[in-house]
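Asks: okay, structure incoming, though there's no sequence with it:
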């Protein structure tokens, strides 16, 4: 089964790899899935919390020209969680740039507006 969000994220990552501006540092924040075992999930969640892993971190984190960017991407019909909205607000409060979008077209338009991609999608 294809997951719409993953398909969108992969397409955006492919665009960044090919069209990213020189000097762009970026990464995708992977989703954690520790299997179906509730005990295993609880143990890993406790470990992550102790390590400082934060809920709600945006899908794409980008750094360019001393500027920090956070981009959350959702498929049609979905919106960010409370933790994701808080992360976006915290990035803005710290002087960074952040937003959330629906779909690949809007995500690419945001990256282009932030001048992180060369060229434009026609």
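Replies: Thanks, I have the structure now. None of the values given here were measured: they were computed from a predicted structure.

Asks: report the longest helix in the protein, please.
Replies: helix 4-19 (DSSP state H).

Asks: on contacts alone, who are the packing partners of that one?
Replies: When contacts are defined as 3 or more CB pairs under 8 Å, 6 or more residues apart in numbering; DSSP states H and E, helix 4-19 packs onto strand 25-28, strand 60-64, strand 67-74, helix 103-113. In short, each C-beta sits where N, CA and C put it, glycine included.

Asks: name the residues that touch the second one?
Replies: Contact with strand 60-64 is made by 9, 12-13, 16, 21, 23-29, 68-71, 73, 111, 114, 116, as judged by CB atoms under 8 Å, 6 or more residues apart in numbering.

Asks: and the nearest residue to residue 57 once chain neighbours are set aside, what pLDDT?
Replies: Closest residue in space to residue 57, ignoring its immediate chain neighbours: residue 29 at 5.0 Å, by CB to CB, 6 or more residues apart in numbering. We have a pLDDT of 90 for residue 29.

Asks: also the one 3 residues further on?
Replies: The model reports residue 32 with a pLDDT of 60.

Asks: cool, and residue 5?
Replies: In this model, residue 5 is scored at 87, pLDDT.

Asks: equivalent analysis for the one 5 residues further on, please.
Replies: According to the model's per-residue confidence, residue 10 sits at a pLDDT of 95.

Asks: any idea how many residues pack against it?
Replies: Neighbour count for residue 10, taken as other CB atoms under 10 Å: 12.

Asks: that older thread, and the longest helix of the chain, how far out from the chain's middle?
Replies: Put simply, helix 4-19 sits 11 Å off its chain's centre (CA atoms, centre = their mean, to the nearest Å).

Asks: give me the contact list for it.
Replies: Contacts of helix 4-19 (CB under 8 Å, 6+ apart): 24, 26, 28, 59-60, 62, 73-76, 78, 103-104, 107-108, 111, 116-119, 121.

Asks: now the worst-scoring helix or strand of the chain on mean pLDDT: buried residues?
Replies: Every helix and strand of the chain was ranked by mean pLDDT, DSSP states H and E. The lowest is helix 38-51, at a mean of 84. Buried residues in helix 38-51, counted by 16 or more other CB atoms under 10 Å: residue 44.
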